[in-house]
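> sequence and predicted model, in that order:
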6 protein chains.
Amino acid sequence: MTDDARLSHIDDQGRARMVDVGDKAETSRVAVARGEVHMRSETLRLIQAEELPKGDVLAVARVAGIMAAKRTHELIPMCHQLLLSLVQIDFDLTPPPSPGGLAVIAIEATVKTKGQTGVEMEALTAVSVAALTIYDMAKAVDRGMRIEAVRVAEKRGGKSGDLVLE
Amino acid sequence: MTDDARLSHIDDQGRARMVDVGDKAETSRVAVARGEVHMRSETLRLIQAEELPKGDVLAVARVAGIMAAKRTHELIPMCHQLLLSLVQIDFDLTPPPSPGGLAVIAIEATVKTKGQTGVEMEALTAVSVAALTIYDMAKAVDRGMRIEAVRVAEKRGGKSGDLVLE
Amino acid sequence: MTDDARLSHIDDQGRARMVDVGDKAETSRVAVARGEVHMRSETLRLIQAEELPKGDVLAVARVAGIMAAKRTHELIPMCHQLLLSLVQIDFDLTPPPSPGGLAVIAIEATVKTKGQTGVEMEALTAVSVAALTIYDMAKAVDRGMRIEAVRVAEKRGGKSGDLVLE
Amino acid sequence: MTDDARLSHIDDQGRARMVDVGDKAETSRVAVARGEVHMRSETLRLIQAEELPKGDVLAVARVAGIMAAKRTHELIPMCHQLLLSLVQIDFDLTPPPSPGGLAVIAIEATVKTKGQTGVEMEALTAVSVAALTIYDMAKAVDRGMRIEAVRVAEKRGGKSGDLVLE
Amino acid sequence: MTDDARLSHIDDQGRARMVDVGDKAETSRVAVARGEVHMRSETLRLIQAEELPKGDVLAVARVAGIMAAKRTHELIPMCHQLLLSLVQIDFDLTPPPSPGGLAVIAIEATVKTKGQTGVEMEALTAVSVAALTIYDMAKAVDRGMRIEAVRVAEKRGGKSGDLVLE
Amino acid sequence: MTDDARLSHIDDQGRARMVDVGDKAETSRVAVARGEVHMRSETLRLIQAEELPKGDVLAVARVAGIMAAKRTHELIPMCHQLLLSLVQIDFDLTPPPSPGGLAVIAIEATVKTKGQTGVEMEALTAVSVAALTIYDMAKAVDRGMRIEAVRVAEKRGGKSGDLVLE
């Protein structure tokens, strides 16, 4: 980050605006975002027990995340509209590493487009809404859940090239 | 949590459904949710420098969070529609505690309604979308930001009474 | 239907308008709507095979129907906004009655509210969007599917009393 | 349909996802969908009587169908966003073929785009929402209406070439 | 307006927030808003000519205004959600008072609710979107149209009592 | 305007439809729209006083206008969806020219896209919603505000070439 780095959505006079991407090339772009829902061991067990025959908690969270990705520009004010060519959401369930510890559902969203801006906001939105949906569906049995570590893991395509953060 | 605790959105056969709240009393309900955006020290400085004269990054994030709270039921599949009587979002900016550490913008959303279900999902959604908006507006200078510790802090009203978690 | 029956959304001069429901009592209201997706026998088998381990086609259709019910007033121009207290969607899968016949997925949506207008449009919308989602997810293997017999089956509450049509 | 036909929205492990269309060519695509609303003879007469001077029931249904086509990706979870270049909706009104029979309003939606996926879901959604709107505006005089035979009639463009089903 | 009048959406520290209406009484409320579209005489004639047999320009504008009223809280950030019991839109067409003058389509929206806040924003939004729709449908023949005099004409109900401004 | 000028959204039989833009070239397009909010001198002073330290009324109106521009096709029935590459909103505040006169906030929205149709509706929608937001946030102190002179100022790109109206 150079000394004269500036926040891209703020113009010379500090006013919010959408960045003009009209001159950017249309290239294939991919972003991967990740996040976690931390919960009691028993909460994870209940989700998994339901998961085995029907899979509904995670199935609903997956649908919610995919649908939210497509509406990112309605939620994030300065985000450009994009036509997403893929949204995929994966879950990884981990019981507590030691007794009394917390269980974790890790969420990973992969989003692709061919367009003028990157899709990391779409991937982050998919992860966030999938996590909120898990919270909503399990909150009757566990009020202490937390959404943690929502971040961009990879970003490919675009002028700045590939960026693999983890 | 008793042994027979069940996930409230899953019916006897494991199918997702909205919980029937038709017989619940309409009471005043409040929820407070909190979350954090972790970032480089320089990123916080840029947001604050902009903040002093114009305040736009946080102003935009505040608007985004308020608007998202009103659309929670469109994002979270099993969430009931509610008429919110208040949505308020506050930010607290903390520079790194020691050199080389991370700066933190803490976000707190307070949501009120008079209705048949609680508003913790609305408060959590407000925090999440405000955090995503901060990420979006600062991502040109800091790709490594993380959204952390999104959780419910307080919940008042409703059958289960008041719940102060922190 | 009396001779002077009139279409309720059309005023004296034939202009569309929302009907004024401000003087109607708030009562508990339930509507049940039903519909069918007709498909090839093999298409049903594929959905069921997927259904057994994971259930995703119907799980996604269920989520889509529930979410659409909450947005009925955005789709149907003269429909009033309502706060739904329950949306539930059930599927019933029937193989062809005889070789060469068509298989059927029957969809039933139950919607409840406490409000000033009925919820049959919400139930019909839930059925329609669930059916469209099944079509979407199976269309790669069966272009000839049809959505049939979308109708109101029951309507309870409100001035006109209970109405059981089938 | 070959033996190994698979439902395109379900991945190897049965999880829902949006199909990756990033490598598909952008071609001109057209889809025509059709459907019917069956109603009492007197209901059709009332709609037509209103129709002659003002045309509002069908005019409102046409607008509703066009607007819904543009929001298909918000309703159908695995549907890709598309920029539609044309949505057109036509109605054909047929009185009962014999006394005591049912009258029919046939609905046809034509949708065009230049993109990477077909537009049959958009055409089917336009037909469904137009039909639901007719139901809504006439339901005060006829509770027994049914939406029937919603199906794709034609599909042009794309890898699979032209498909004329009726 | 007293000396200490304050903008109601701005709190002590100048931050935007939704006003807390949780303690306001639920009363019947009505708002009437008006506005005008100014256009060339020939443009009005074309709209009217179409209007006589089919009425579509104004019919479409009416539907657009009604649908927009129901989504006001999604557009205006600090607006509360409300369940509208009536939205009605009327048009009045006036040719130029003298040769070479401008023709006017006057728009009036009446909105009713039973709730805790007034509905003037819903009425103003209905007028604005109806006006924009007229512009959109006539812009191919008249680029110089203007939307003028969008304002609240009446406001009834609520703590401040009735207010008839014109 | 020639004698046979026709309203582009109305087909041969007067029915509303989206105009087919499938054969139009994708070109860079810009539209600038303007509008005004007229208010009491004291109202402007209050907005400005808030503006100096925090700027929230105009900041919120700017965000609302930008977000509305992206949803124009959901509001205006016959409007095509477009991917906007820029939305920018500027305000100009003018105190009353003479004592007792009205103060004016002038709004200008600039919208760019690369697509098959122009973006004047998006620019007009941005101006209208920004104006409505100013009204909403100041209405507690000034019920007599008016939105005036909403019009297209410039339109560049597309078949009809550049058009500078003021």
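Good, I have the coordinates.
> what about A:T94, how many neighbours?
12 (other CB atoms under 10 Å in any protein chain shown). In short, each C-beta sits where N, CA and C put it, glycine included.
> any idea how far chain B is from it?
In this structure, A:T94 and chain B are 18 Å apart, going by CB to the nearest CB, to the nearest Å.
> ok, now A:T27?
18 Å.
> hey, where'd the strands end up in chain A?
A:27-39, A:84-94, A:103-115, A:146-156, A:163-164 (DSSP state E).
> looking at the ones you listed, spot the one closest to F:V104.
Minimum separation from F:V104 across those (CB to CB) falls at strand A:103-115, 38.9 Å.
> tell me the mean pLDDT over that closest one?
Strand A:103-115 carries an average pLDDT of 95.
> which one of the strands of chain A lies closest to D:T113?
Of these, nearest to D:T113 by CB to CB is strand A:84-94, at 14.3 Å.
> what about the closest one, near chain D?
Yes - residues of strand A:84-94 contacting chain D under CB under 8 Å from any CB of the partner chain: A:84-90.
> report the two of the residues you listed separated the most.
So, these by CB to CB: farthest apart are A:S85 and A:D90, at 17.6 Å.
> who has more neighbours, these two?
A:S85 (25 against 18).
> quick one: average confidence on the helix ranked longest in chain A?
Identified as the longest helix of chain A according to DSSP state H is helix A:120-138. Taken as a whole, helix A:120-138 has an average pLDDT of 97.
> any part of it near chain C?
No - against chain C, helix A:120-138 shows no contacts by CB under 8 Å from any CB, the least distance being 9.7 Å.
> alpha carbons only: can I get that helix in PDB?
Extracted in PDB, the C-alpha atoms of helix A:120-138 (Å, rounded to 0.1, in the frame of the first residue of the first chain):
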ATOM      1  CA  GLU A 120     -15.100 -11.100  -3.800                       C
ATOM      2  CA  MET A 121     -18.100  -9.200  -2.400                       C
ATOM      3  CA  GLU A 122     -20.400 -11.800  -3.900                       C
ATOM      4  CA  ALA A 123     -18.400 -14.600  -2.300                       C
ATOM      5  CA  LEU A 124     -18.300 -12.800   1.100                       C
ATOM      6  CA  THR A 125     -22.000 -12.100   0.900                       C
ATOM      7  CA  ALA A 126     -22.700 -15.800   0.200                       C
ATOM      8  CA  VAL A 127     -20.700 -16.900   3.200                       C
ATOM      9  CA  SER A 128     -22.300 -14.300   5.500                       C
ATOM     10  CA  VAL A 129     -25.800 -15.200   4.600                       C
ATOM     11  CA  ALA A 130     -25.200 -18.900   4.700                       C
ATOM     12  CA  ALA A 131     -23.700 -18.400   8.200                       C
ATOM     13  CA  LEU A 132     -26.700 -16.200   9.300                       C
ATOM     14  CA  THR A 133     -29.100 -18.900   8.000                       C
ATOM     15  CA  ILE A 134     -27.300 -21.600  10.100                       C
ATOM     16  CA  TYR A 135     -27.600 -19.300  13.100                       C
ATOM     17  CA  ASP A 136     -31.300 -18.800  12.400                       C
ATOM     18  CA  MET A 137     -32.100 -22.400  12.100                       C
ATOM     19  CA  ALA A 138     -30.100 -23.500  15.200                       C
END
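> show me where pLDDT drops low in chain A?
A:1-14, A:50-55 (pLDDT under 70).
> repeat that with 50
A:1-4, A:51-55 (pLDDT under 50).
> near chain F, which residues of it show up?
A:11, A:15-22, A:73-74, A:77-78, A:80-83, A:115-116.
> coming back round to it: show me how to select, in PyMOL, the buried members of the residues of strand A:84-94 next to chain D.
Provided next is the PyMOL selection string for whichever of the residues of strand A:84-94 next to chain D are buried by 16 or more other CB atoms under 10 Å in any protein chain shown:
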select buried, chain A and resi 84+85+86+87+88+89+90
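> with distance to D:E36 added, can I get the residues of strand A:84-94 next to chain D in JSON lines?
Converted to JSON lines, the residues of strand A:84-94 next to chain D look like this (distance: CB to CB, whole Å):
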{"residue": "A:L84", "distance to D:E36": "34"}
{"residue": "A:S85", "distance to D:E36": "35"}
{"residue": "A:L86", "distance to D:E36": "36"}
{"residue": "A:V87", "distance to D:E36": "34"}
{"residue": "A:Q88", "distance to D:E36": "37"}
{"residue": "A:I89", "distance to D:E36": "38"}
{"residue": "A:D90", "distance to D:E36": "42"}
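> quick revisit: between the strands of chain A, which one is closest to B:L124.
strand A:146-156 (7.8 Å).
> near chain D, anything from the closest one?
No - Strand A:146-156 is not in contact with chain D by CB under 8 Å from any CB; minimum separation 12.0 Å.
> who does that strand touch, helix- and strand-wise?
strand A:27-39, helix A:120-138, strand A:163-164, helix B:120-138, strand B:146-156 (3 or more CB pairs under 8 Å, 6 or more residues apart in numbering or on different chains; DSSP states H and E).
> contacting residues around the closest residue to A:I105 other than its chain neighbours?
Of all residues not flanking A:I105 in the chain, A:V37 sits nearest, at 4.7 Å (CB to CB, 6 or more residues apart in numbering or on different chains). Each residue near A:V37 by CB atoms under 8 Å, 6 or more residues apart in numbering or on different chains is listed here: A:104-105, A:107, A:131, A:134-135, A:145-148.
> what's opposite A:V37 in the beta bridge?
Beta bridges link A:V37 to A:I105, A:I147, judged by DSSP bridges.
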